[in-house]
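S.K.: Whatever this is, show me its structure:
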Amino acid sequence: LNLEQSELAKYPIPLIPVRANLRIHNLFHNFDMFLKAFVMVIAITGTVAQIEFTDPNGDRGAVAGEELVIRWTVPDGAPDRIDLKLTGSDNFSGELGIGTSIDPSDEEYTFRVGETLEGTGYKVVAYESASDPPVVVGETEAFEILEEGSELPESDDADDDDDGDDGDDDGSGSGAGRVGATLTI
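M.R.: As a prediction, this is how the structure comes out:
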């Protein structure tokens, strides 16, 4: 072909694939960076074992102004320290720190529930201490905080055989032998 300079100006076809290639390259580069970050987040969060909470649970909650005992079991690979936060309900949106740098092997933590916190839909969430960003390592089922002075209902797992025994193994009738099944108020 014998085209003059003015003829080439009419057909800037070679530039279109070059620009398209740059855009495609940038798209793949950005996706590659996103994918690497995503995999890194998955790897970090996937290394911490989940704590399983036993109290409070959906059947048994707490009473405002009284003590709540939070209980859990600890799997292998759990973090060395956890922070506990009370999260939102129907009348409280946010998080309230209730314990920091707790040794998970203690398998329980007691705190006094605020007098104005009655409501439904509360959860206790455990975070790995000193993790940035915060890594959730467990949470309770949603539960209710009853108004101050209320009585908690009996636990669903109470012994119903009417033999006078409350289901614990120590024979004392106190319920103290059932780990993680009662809420101490």
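S.K.: Where does the prediction get shaky in the chain?
M.R.: 1-48, 155-185 (pLDDT under 70).
S.K.: what about 90?
M.R.: In the predicted model of the chain, residues 1-49, 57-61, 75-78, 88-95, 115-119, 130-132, 134, 151-185 satisfy pLDDT under 90.
S.K.: residue ranges of the strands in it, please?
M.R.: 52-55, 62-63, 67-73, 82-87, 95-102, 108-112, 119-128, 136-139, 143-146 (DSSP state E).
S.K.: Can you say which of these is packed in most?
M.R.: strand 62-63 (a mean of 25; mean count of other Cβ atoms under 10 Å). C-beta: built from backbone N, CA, C; applies to glycine.
S.K.: Run through who's touching it.
M.R.: Strand 62-63 is contacted from outside by 56, 68, 113, 122, 143-152, 183, 185, using Cβ atoms under 8 Å, 6 or more residues apart in numbering.
S.K.: What is the nearest of these to residue 85?
M.R.: Closest approach to residue 85 among the contacts of strand 62-63 (Cβ to Cβ): residue 122, at 10.7 Å.
S.K.: Okay, and the beta partners of that closest one?
M.R.: Applying DSSP bridges to residue 122 gives these bridge partners: residue 143.
S.K.: Number the residues from 38 up from this point.
M.R.: Got it, first residue is 38 now, which makes that one residue 159.
S.K.: now the helices for this structure?
M.R.: 42-47, 52-82 (DSSP state H).
S.K.: Relative to residue 174, how far out is the residue nearest to residue 116 when sequence neighbours are not counted?
M.R.: In this structure, residue 116 finds its nearest non-sequential neighbour in residue 165, 4.1 Å apart by Cβ to Cβ, 6 or more residues apart in numbering. Look at residue 165 and residue 174: by Cβ to Cβ, to the nearest Å, they are 5 Å apart.
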